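Novice: I need the structure of the sequence given here:
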Amino acid sequence: MIHPTTEVASMLTEILIKKGRLIGMHSVNPFTGFLACRALLTISESVIFVKLMSAFVVHLNQKVKGGGVMFQLSVSEKLEQRVPGFKVGCIRYNHIVISEMPPLISGRLPLFYKNIQLSLENRPIADIPGVREWRAIFKRCGTDPSRYRPSQEALLRKIKRDGAPHRIHSAVDLNNFFSVQHSIPFGIYDLNQIHGPVQITIGSDDDQYDGLNGRVMHMDHKILSKDSKGAFGSPMVDSRRTCVTEQTTDALQIAYLRPSMPEDEAKKMTARVAGMFTQIHGGENTWSVIS
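Specialist: Numbers count the residues shown, from 1 in each chain. Take a look at the predicted model:
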């Protein structure tokens, strides 16, 4: 079955090309782009438009309900036993465009991070609820959180010291914003560099990868994500193999949720993250909370 959003975009694009009236749709929210297209259509073309938009709206309603991420991701029994209530928000993005952060958002990030920095002046980072909970999770899995920090704690320490994280590109910058905003680890990966189903588990002696921090990450007794080629990510630092770049068009985002977070709240947060990401990067998203 053709993805409803892709079907709408491809059919309308074909109509407009034939008419010599092609306009850009990939840099905007799909719904806005399709409405812009409608003004250029004839009556008969508008009938096709309405039918396709009906399919698109049904698809949107399914996404709001967290209906079926088209991607196989699971949490291992070993991890579930060690960390009761462990869950992640899994978001798949397709047809995205990664570049610099839009000025409307990039202009506000310095103030956001400045406020975070000020709030940390007299507050130990380890006392922040999300950080405290994830440090406890690391300990349950056999990881020393003072030596291997959850990624959101590392970001907060950098903000406290330097004022803001490094800017990379829109996908990583927004991923870091989400992590600081929600005080949980986030990972984002190039979907075309992931092979086979993904499992989140606790690593063994054989699990390692080249990290984005320039180090070889040995993942024994550490939470990791792995595919058929091996480990590629974790709530600490991700791998070079699956990192997103400005050439990435399809991505997988993992929000390492707090086990204490109620299911309804976890779904709402995951939906908000997915929605904001696609507002900035275009494309489509499907998401689910997996436990």
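Novice: In this protein, where is pLDDT below threshold?
Specialist: 1-71 (pLDDT under 70).
Novice: Where do the strands of the chain begin and end?
Specialist: Using DSSP state E, the strands of the chain run over residues 73-75, 88-94, 186-190, 198-202, 208-210, 216-218, 223-227, 230-233, 251-256, 284-290.
Novice: which of the residues in the last one are buried?
Specialist: This points to strand 284-290. Neighbour-count burial for strand 284-290 flags 284-290 (criterion: 16 or more other C-beta atoms under 10 Å). C-beta coordinates here come from the backbone N, C-alpha and C atoms, glycine included.
Novice: Same list, the residues you listed, but as a markdown table with distance to residue 105 please.
Specialist: Formatted as a markdown table, the buried residues of strand 284-290 follow (distance: C-beta to C-beta, whole Å):
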| residue | distance to residue 105 |
| --- | --- |
| 284 | 20 |
| 285 | 18 |
| 286 | 23 |
| 287 | 21 |
| 288 | 26 |
| 289 | 26 |
| 290 | 28 |
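Novice: quick one: which of those is nearest to residue 217?
Specialist: Lowest distance from residue 217 to the buried residues of strand 284-290 (C-beta to C-beta) belongs to residue 290, with 23.0 Å.
Novice: For the closest one, name its beta-bridge partners.
Specialist: residue 88 (DSSP bridges).
Novice: can you pull the contacts of it?
Specialist: Residue 290 makes contact with 73-75, 87-90, according to C-beta atoms under 8 Å, 6 or more residues apart in numbering.
Novice: cool, and residue 90?
Specialist: Counting by C-beta under 8 Å, 6+ apart, residue 90 touches 69, 71, 73, 252-255, 270, 287-290.
Novice: which one of these sits closest to residue 148?
Specialist: For the contacts of residue 90, the nearest to residue 148 is residue 254 (17.6 Å; C-beta to C-beta).
Novice: and the closest one, how many residues sit next to it?
Specialist: By the criterion of other C-beta atoms under 10 Å, residue 254 has 23 neighbours.
Novice: coming back round to it: restricted to buried residues, select the contacts of residue 290 in PyMOL.
Specialist: Only the buried entries of those go into this PyMOL selection, using 16+ other C-beta under 10 Å:
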select buried, resi 73+75+87+88+89+90
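Novice: on that earlier part again, I'd like the contacts of residue 90 laid out as a markdown table, including distance to residue 141.
Specialist: As requested, the contacts of residue 90 are arranged in a markdown table below (distance: C-beta to C-beta, whole Å):
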| residue | distance to residue 141 |
| --- | --- |
| 69 | 25 |
| 71 | 24 |
| 73 | 19 |
| 252 | 22 |
| 253 | 22 |
| 254 | 16 |
| 255 | 18 |
| 270 | 23 |
| 287 | 25 |
| 288 | 23 |
| 289 | 21 |
| 290 | 18 |
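Novice: Residue 171: which of these is nearest?
Specialist: Of the contacts of residue 90, the one sitting nearest to residue 171 (C-beta to C-beta) turns out to be residue 253, at 8.7 Å.
Novice: what about the residue nearest to residue 194 when sequence neighbours are not counted, neighbour count?
Specialist: Leaving out its chain neighbours, the residue that sits closest to residue 194 by C-beta to C-beta, 6 or more residues apart in numbering is residue 227, at 5.1 Å. Residues lying near residue 227 (other C-beta under 10 Å) number 20.
Novice: how much space between residue 227 and residue 107?
Specialist: 37 Å (C-beta to C-beta, to the nearest Å).
Novice: what does residue 153 give?
Specialist: The gap separating residue 153 from residue 107 is 27 Å, by C-beta to C-beta.
Novice: what about these two, which has more around it?
Specialist: A count of neighbours by other C-beta under 10 Å puts residue 153 above the other of residue 153 and residue 107, at 25 against 10.
Novice: In contact with the more buried one, which residues?
Specialist: 125-126, 131, 134-135, 145.
Novice: okay, now the residue nearest to residue 208 when sequence neighbours are not counted: neighbour count?
Specialist: Spatial nearest neighbour of residue 208, chain neighbours left out: residue 218 (5.0 Å); criterion: C-beta to C-beta, 6+ apart. As a burial measure, residue 218 scores 14 neighbours (other C-beta under 10 Å).
Novice: Residue 218 reaches residue 210, doesn't it?
Specialist: No - with contact defined as C-beta atoms under 8 Å, residue 218 and residue 210 do not form a contacting pair (11.4 Å).
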